[in-house]
Every structure is written in C-alpha cells, then in structure tokens.
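1. Structure, please.
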Amino acid sequence: MNFHLLGLSHHSAPLELRERFAVPDARMPEALAALAAEPGVAEGLVLSTCNRVEYLAITTSGDALWSFIRRWYGQEPAGLAPRFYLHAGAAAARHVFRVAASLDSLVVGEPQILGQYKAAFQAAASAGAAGGGLRALLNAAFIAAKRVRAETGLGRHSLSISHAAVELAKRIFGGLGGKTVLLIGAGEMGTQAAGYLVRQGASRLLVANRGQERGQALAAKYGGEAIPWEHLRAEAHRADVIISCTGATEPLLAKADIAALLARRKSRPILLLDIAVPRDIAADVQELENAFLYNVDDLESVVASHRADREREAARAEAMIEAELDRFWRRWEARDALPTLRALEAHGENLRRRELERWRSLLAALPPEQRAAVEELTRALMRKWLHRPLTAIRAAAEERSDLAILDSAAELFGLQIAAAPAANEAGQPQPAAQPPAGLKAGA
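-> Numbering: from 1, shown residues only. Down below sits the predicted model:
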C-alpha cells in the first residue's frame, strides 16, 4: 500500500476539462463511497476546487484511481490521460504538501486551499473513506503549510481568486468608483470578494444567494442590497459588473439571459467575471456584443503581476516543504518497523521483570528506596542493552536500506511479531504506478 494521487489542475488542463471532472458538494459522499469501494483502495479523498480536481488514495497501485475515473464518470479516459498527472509514494506526498501550502496554486500564497483541503478530508472521514493514513499525511502537510504562512512573506498581502477577479474589474474600468457590482454567491469566495469590492471603492453592492438569509447577512455587512434568488435574472441589469462564484452544477445565466439584460441596459457594456467551476455563466455569452466574459483561467494576467515579488518567498517556502516532507516521510517509512520495535521492547521488559521476580524474596527485605533504586538500575541496563538493536532497526526502516533486519531481529531474539499495521497505517514505496494499458499519465 502506498500514497497515490491522480489529478488535473490549471497547470495541465483547461477549464473546459476541469469542470467536466469537478465533484459538487451534493455528490461528494457518493463519489467518496465509489472511490473507497475500488479494489485495492484502503483510504481515499477527493479535492475539487476551481483550479484542480485530485483523487488521493492509499492503494496498491494507480490503476485503482484510473478505474474510479472510468466507473464514476462513465467514460474511458484514454484520450484524456495526457492531461492528468499521477504521483506515487513520496512524490504524491510532496504534491500534497505543496498544494496545501498554496505553492501549486494559480495564485501562489492564496489562503483558501488549506481550508478546502481540510474540508475534503472531513468529508472523506465522515463518509468512512479516510482514516489514520491520510490523516497523518494531511496533518503533516497542514503543519508545513502553516509554517510557510508564518515564516515567509507568502502569508502577507494574500491574493485570492476573488481578489484577482476584483483586481481585473478595477483594471478594466480604471477603478470601481460609480460602479454597481452584483455578487452571485455568498460562500467563502463571495464573502472575500464583497469585502475587497467595498475596499476598492465599488459604489453599490448587490448580493444574490440561493440561501436568502446568508445573502442578506453579507449584503448588510457591507451596506449592500440583497436580491431574492428568484429575482436574479430580472435584477441583474442593474449591475455594471457581475461576479459569480456559486457551487451550481449548471450555468445560472444563459446567453439569452445576458442578451435580455443588455437590452434593458440599452446595450451599455457589462463585465462578467465567472470564477466558479463548473461555470455559472454560459461560455457562448462571449459572442454577445458589449458582454465581456472572463473565467477563472483568464485571471492569469492579474496573477502574473503579483508573481515576481513572490518568487523569492516561494523559494524559501519550497525549502521548508522539503524539510517537513523529509521529516514526515522518515516517520512514515519507519512504520514498517513498529511491530518489531514494539516486540523487542516488550521482550526486554519481560526479561527484566522475570529476573526481578526471581529475586523478589531478597528484594522484599530492602528498604523501599533501595528497591526503587534496583528497579531503576534494571530499567537503565535494559535500555542500554536494547539501544543499539532498536536504533539499527529504526534506521534501516527509515532509510529502507536493509529491511531483512526485521526478520533477523525476530529470529535472533525469538520475537513474536504482532500483525502488521492495517493497510491505512502502512506505507511502502513502490515504483510510480502506470495507467492501464493504452493510457499514459501526464506530467
């Protein structure tokens, strides 16, 4: 069993492909159950965001993840495989660490991904798909990510996808003064966008959210106006800018909706920023005159302007990630040796206790403080006697230099080795898994 990760992101696949594989919150339990049911999968989770969809599992090989793609999405991924990346063992762990620290994000340093990863694990744990193995990996990744935010400049002046969208609107209009902005969606990204819009001078904020109470609360917080969800299309013409970021699985605004909106605006231009995946606004809207539609992949120009001043901090962060990954991986590798280490320690303790029992009648005549001294002396002697073999076994497991030492120790000391850790507790590096016949994993 080993960590395996199959995914696609803004680095490897366009938005059109990513949204085909996005897993909405409503279907996540079903997807997790299907992933956990794949033969050879001990644990698994799905991370689905606007920039990536990734399937992380502790499994026998990457073939199980390809099989999940076939079964869950009902399609043969042969033609799509070059868009996917597949990592195994330490490479998979490294990818998780980098993603959690937002070093692989479109916006390097953005803070949302850490919360998204935590939510992904919680969903997997609640569905019974994830346990101790993935918890150990993600806990270590979260510690590394928090260290990056605390010890580098990436945690300062954070730029998120929502911020980038507002920056683009400000760049296009030369400022947001006098502009009315309609925010569709009052979730995390919408909440961030609302605050940034107000700080950047938007004159009026309209908020539409499927849950009316949440939409009203967000609008009230920033002195805006909540629009009932059922009035969205009728009221959208009031906005000069529409920013949409919901979890809808189908477009909320079609080409006909925007055409009607433009008619009511007497063809005054409107800027549409769709940062949802799957998209909230139909792609063919861009065919309309005076409708300027941008999606999450179009934010690259905004992000690029912030990239140069982050590169130095990102280099420092990469070094931190490698150090934390090395620390985690040594612990993970050493799990193979745990049954032998525990058995050897128990063997030594049993020998010590048996010898003390043989001398119990003589020891009983000693004062309490002398009996305690004898007890501590025997413990100290046993620790010294076991130190060398325990250290050698642990080092061999961490370095994976000679795992035959585990069998040798058991034979030499006559150890009764307990059952090996469950599949989700063990991790044995294997060669990177290959996709099924006819498929090729992308870089």
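
2. May I ask you to name the longest helix in the chain?
-> helix 300-333 (DSSP state H).

3. Next, the buried residues of that one.
-> Neighbour counts over helix 300-333 (16 or more other C-beta atoms under 10 Å) mark 302-303, 306, 310, 313-314, 317-318, 320-321, 324-325, 328-329, 332-333 as buried. C-beta here means a position set from N, CA and C on the backbone, and glycine is covered the same way.

4. tell me what that helix is packed against?
-> Judged by 3 or more C-beta pairs under 8 Å, 6 or more residues apart in numbering; DSSP states H and E, the packing partners of helix 300-333 are helix 90-100, helix 132-151, helix 161-173, helix 368-399.

5. Who are the packing partners of the longest one?
-> Put plainly, it is helix 368-399. With 3+ C-beta pairs under 8 Å, 6+ apart as the test, helix 368-399 has helix 300-333, helix 338-358, helix 404-413 packed against it.

6. Of the ones you listed, which shows the lowest average pLDDT?
-> Of all the helices and strands packed on helix 368-399, mean pLDDT reaches its minimum on helix 404-413 (a mean of 77).

7. any idea of the angle that helix forms with helix 368-399?
-> Helix 404-413 runs at 150 degrees relative to helix 368-399, counting by axes from the mean of the first three to the mean of the last three C-alpha atoms, to 10 degrees.

8. Return the distance of helix 404-413 from the chain's centre.
-> Its chain's C-alpha centre and that of helix 404-413 lie 39 Å apart, by C-alpha atoms, centre = their mean, to the nearest Å.

9. quick one: buried residues of it?
-> 405-406, 409-410.

10. between the residues you listed, which is nearest K255?
-> Closest approach between the buried residues of helix 404-413 and K255, by C-beta to C-beta: L406, at 65.3 Å.

11. Surely the closest one is in contact with A392?
-> No - with contacts defined as C-beta atoms under 8 Å, L406 does not count as touching A392, sitting 10.7 Å away.

12. Next up, phi/psi of A259, please.
-> phi -60, psi -40 (degrees, to the nearest 10).

13. tell me which element the residue nearest in space to the middle of the chain falls in.
-> When C-alpha atoms, centre = their mean is applied to the chain, the residue found nearest the centroid is Y117 (3.4 Å). Assessed by DSSP states H and E, Y117 sits inside helix 112-126.

14. any residues touching that helix, and which ones?
-> 28-29, 32, 43-49, 99-102, 105, 130-131, 134-135, 138, 141-142, 145-146, 160-161, 188-189, 192 (C-beta atoms under 8 Å, 6 or more residues apart in numbering).

15. Just the buried residues of those.
-> By 16+ other C-beta under 10 Å, the contacts of helix 112-126 give 28, 32, 43-49, 99-102, 105, 130-131, 134, 138, 141-142, 145, 160-161, 189, 192 as buried.

16. Look up phi and psi at A282.
-> Per degrees, to the nearest 10, the backbone of A282 is at phi -60, psi 140.

17. Who are the contact partners of it?
-> Taking C-beta under 8 Å, 6+ apart as the test, what A282 contacts is 251, 253-255.

18. most surrounded residue in these?
-> Among these, L253 has the most neighbours (other C-beta atoms under 10 Å), with 22 neighbours.

19. tell me the contacts of it?
-> 233, 236, 242, 244, 272, 280-282, 285.

20. and E235, what is it in contact with?
-> 182, 206, 208, 227.

21. what secondary structure does it sit in?
-> Classification of E235 using DSSP: H, G, I helix; E, B strand; the rest coil returns helix.

22. related to what we said a few turns ago, can you list the contacts of E235 in CSV and add neighbour count and distance to N290?
-> Output for the contacts of E235, formatted as CSV (neighbours: other C-beta atoms under 10 Å; distance: C-beta to C-beta, whole Å):
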residue, neighbour count, distance to N290
L182, 25, 16
L206, 22, 20
A208, 29, 22
I227, 24, 22
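
23. which one among those gets closest to S61?
-> A208 (46.1 Å).
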